[in-house]
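> Okay, sequence plus prediction incoming.
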Amino acid sequence: MSDWSQAASNRPAEDLAPPIATATGNRGLQIEERLIFEQGSRGRCGVDLVDPPPFQTRLGGLERQGAIGLPGLSEPQVVRHFTRLSQKNYAIDSGLYPLGSCTMKHNPRLNEKLARLPGFADIHPLQPASTIPGALGLIDMLAHWLKTLTGMPAIALSPGAGAHGELCGIMSIRAALEARGDRRSRVLVPESAHGTNPATAAACGYNVDSIAGNSQGRVDLGALQAKLDTDVAALMLTNPNTCGLFENEILEIAAAVHAAGAFFYCDGANFNAIVGRVRPADLGIDCMHLNLHKTFSTPHGGGGPGSGPVALASSLARYAPLPWLVHGPDGLELVEHKVGKAQQAIGRLKGFHGQMGMFVRALAYMMSHGADGLRQVAEDAVLNANYLRVRLETDLSLSFPGPCMHEVLFDDRFLKETGITTLDFAKAMIDEGYHPMTMYFPLVVHGALLIEPTETESKASLDQFAGVLKALADKARSGDAAPFRAAPRWTPRRRLDETAAARKPVLRWGPEAVDQPAEE
């Protein structure tokens, strides 16, 4: 354990007191940063702009009547402001990122270097296909890898993220059902599913019917079979599921779904646990989206970029969205219209072929690891999660018994009668230098703490992390609740009044009112 761990150290009680105030508000080199508008001064500018030559306006009387309101800043001010803000961020480059169901893994710099090569980074989406044979070749190779890993004959690469991939899959399923004259109205979704699953089904016009879980944290097969009938279009299942568990009755689930004439959709958000180990097609899955920005290393923080290719069984391949990349007599060709073999395609989901930068990064990751390396990715991810499970199961409360997959789920029973909430515990982790794990999800357990270490953490890193959690759990059970309720104490900002923030949010900055001199 590191020597800075407050929870495991013997610091005197007075060390928990608020820090002594400084004249600046700074704490060491942790600089108190004002908003960029608060730093601006009229007339200051980091660049010299010459007056434009005379021109005739085409705004038709819509010219701006007042100043644009941008802050006046010198170049050093701008650089320092954004550098200091970046230093306040927590990132995978800073330490372990234990968010469950998110796979915030290390992103090799090689991937970034390759994605920035001029031949890939400078491609314009409106370039003629004849000018980008290398890019098309890369896309084709990526598709080959993904089809090999999933066992599926077709892959749709254009979806921009996981939820977009879900939309692609359910639209393809709807098209297949309508093509056989079989309009159905319900989609079955397990109660532990990602929230995008029921949202996607509803967006495609289906009624959502929830499936209960069993005491082992998996789909209740009996409950599923009771709801399967000729009105069910599809089952949307995540495997491994959001409790970090493999659905051990998945073959029986697939058989029951297909016997009812429905399709089996799999949410591939947790593919990191089984990549190279299990081919989804062999499990009876008809359709599955893959998060390139999770399984294949590309960072997905800040809302993007994302990429959610969809693998399709032969029964759904003809409905895949355009464009298609096919092998023709003259090499690779883009099919961009609903003609020939593509006449049953569901159309376009995106303006162009997809996220080229994501394709480059993902293929670089796959080729760097090779088939055996990708298998080891899954093995190490599962090993790391189970190592934490064993290290922590006597200190925290394990939600479901037995081995997990790539993430381990605890709940808040270990905090019972301590007066400390899951949120308090997570905030205390911030003071220890750790980003909290996913909290309160999945909703099937109360006070969830979902931890996903990924395959990239070492044993030493996991031991340090487990040591901090064990020490915090001991501290919580000792009856010392005050530090937890006050946490975080050592961050640039303390805990918000969440009730006030929700009821009276301040969403926009405005300059303070300036007192005007009274008229005589």
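Thanks, I have it.

> Against Asn26, how distant is the nearest residue to Pro492 once chain neighbours are set aside?
If you skip the residues right next to it in sequence, Pro492 has Lys88 as its closest partner in space, 5.8 Å away by Cβ to Cβ, 6 or more residues apart in numbering. Backbone N, C-alpha and C define where each C-beta goes, glycine included. In this view, Lys88 and Asn26 are 13 Å apart by Cβ to Cβ, to the nearest Å.

> okay, the most centrally placed residue in the chain: pLDDT?
Residue closest to the mean C-alpha point of the chain, counted by Cα atoms, centre = their mean, is Cys102 at 4.6 Å. Looking at Cys102, its pLDDT stands at 82.

> Please apply the same query to Gly303.
The model reports Gly303 with a pLDDT of 54.

> again, but for the one 4 residues further on
pLDDT for Ser307: 91.

> before we move on, the earlier item: in this structure the residue nearest to the centre of the chain contacts Lys294, no?
Yes. Counting by Cβ atoms under 8 Å, Lys294 is a contact partner of Cys102 at 7.0 Å.

> Pro505 versus the residue nearest to Pro492, what's the distance?
Going from Lys88 to Pro505 by Cβ to Cβ gives 21 Å.

> Which residue of these two possesses the greater neighbour count?
Lys88 (12 against 8; other Cβ atoms under 10 Å).

> For the more buried one, what are phi and psi?
Main-chain torsions, Lys88, degrees, to the nearest 10: phi -90, psi -10.

> surely it meets Ser94?
No. Counting by Cβ under 8 Å, Lys88 sits too far from Ser94 to count as a contact (10.7 Å).

> buried stuff in stretch 34-43?
36, 39-40 (16 or more other Cβ atoms under 10 Å).

> Among the residues you listed, which lie within helices?
36, 39 (DSSP state H).

> Just the closest of the buried residues of stretch 34-43 to Asp122, please.
Ile36 (30.8 Å; Cβ to Cβ).

> what are the ranges of the helices in the stretch 401-520 of the chain?
422-431, 459-477, 482-486, 498-503 (DSSP state H, counting those that start in this stretch).

> ok, now the stretch 1-150 of the chain?
Taking DSSP H, counting those that start in this stretch as the test, the helices found in the stretch 1-150 of the chain are 36-39, 75-87, 109-115, 118-121, 133-150.

> Which one, of the ones you listed, ends up nearest to Met358?
The nearest among the helices of the stretch 1-150 of the chain, by Cβ to Cβ, is helix 109-115 at 8.1 Å.

> Return the set of buried residues in that closest one.
111, 114-115.

> Distance to Pro442 and pLDDT for those - can I get that in TSV?
Formatted as TSV, the buried residues of helix 109-115 follow (distance: Cβ to Cβ, whole Å; pLDDT from 0 to 100):
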residue	distance to Pro442	pLDDT
Asn111	30	91
Leu114	36	94
Ala115	33	91
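
> what would those look like in JSON lines with distance to Val310?
Formatted as JSON lines, these follow (distance: Cβ to Cβ, whole Å):
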{"residue": "Asn111", "distance to Val310": "22"}
{"residue": "Leu114", "distance to Val310": "24"}
{"residue": "Ala115", "distance to Val310": "22"}
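
> Tell me how many other residues surround the residue lying closest to Leu35 once chain neighbours are set aside.
The shortest distance from Leu35 to any non-neighbouring residue, by Cβ to Cβ, 6+ apart, is to Trp509 (5.9 Å). Each residue near Trp509 was counted by other Cβ under 10 Å, and the total is 9.
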